[in-house]
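>>> Prediction below, plus the sequence it came from.
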Amino acid sequence: MTTATTIRMDDSIKAQATDILESIGLGLNAYVNLALRQLVNQRRIPFELLPADDVPNEETRRAMVLAEAKELGIVKDDDLSFDDVDMLMASLDED
């Protein structure tokens, strides 16, 4: 015997999960049933729970540190800067 159950989830997560599951031939309902069966069989969460990626990531963190170092005068700021697109385009045309 089966019973219908309603679950609430973020629309974006549902869409992403559905795409992944469809690519391996499973539906969302089948996956939830598999996960629940494993929960019951193993008497534990049947997968590793990991935190979300660090925000900011390493690349972004490094860029933030460099920007702050330039602002403080620790690192020379020799990057070109432009007030508008026309100035940028003129600079590119010079090269």
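Cool, got the structure.

>>> quick one, helices of this structure?
With DSSP state H as the criterion, the chain has helices at 11-23, 28-42, 58-72, 85-94.

>>> Contacts for the third one next, please.
It refers to helix 58-72. 56, 75-77, 79 (C-beta atoms under 8 Å, 6 or more residues apart in numbering). Quick note: C-beta positions are derived from backbone N, CA and C, even for glycine.

>>> what's the offset of it from the middle of its chain?
Its chain's average C-alpha position is 21 Å from that of helix 58-72, according to C-alpha atoms, centre = their mean, to the nearest Å.

>>> Check the shortest one too.
Taking C-alpha atoms, centre = their mean, the mean C-alpha location of helix 85-94 is offset from the chain mean by 34 Å.

>>> in it, what counts as buried?
Within helix 85-94, no residue qualifies as buried by neighbour count (16 or more other C-beta atoms under 10 Å).

>>> And for stretch 52-59?
Buried, per 16+ other C-beta under 10 Å, within stretch 52-59: nothing.

>>> Can you spell out the domain ranges of the chain, please?
Annotated domains of the chain cover 1-49, 58-94 [automatic domain parsing].

>>> what's the most distant pair in the contacts of helix 58-72?
Maximum pairwise distance in the contacts of helix 58-72, criterion C-beta to C-beta, is 23.9 Å, between 56 and 76.

>>> so how far is the first residue of stretch 70-87 from its last?
This stretch, stretch 70-87, spans 22 Å end to end (C-alpha to C-alpha, to the nearest Å).

>>> gap between it and the chain center?
Between the centre of stretch 70-87 and the centre of its chain there are 29 Å (C-alpha atoms, centre = their mean).

>>> Residue nearest the middle of the chain, spatially speaking?
residue 53 (7.3 Å; C-alpha atoms, centre = their mean).

>>> so which of the helices of the chain comes closest to residue 4?
helix 28-42 (10.1 Å).

>>> Check which helices and strands the closest one is in contact with.
helix 11-23 (3 or more C-beta pairs under 8 Å, 6 or more residues apart in numbering; DSSP states H and E).

>>> ok, and what's touching the helix it packs on?
27-28, 30-31.
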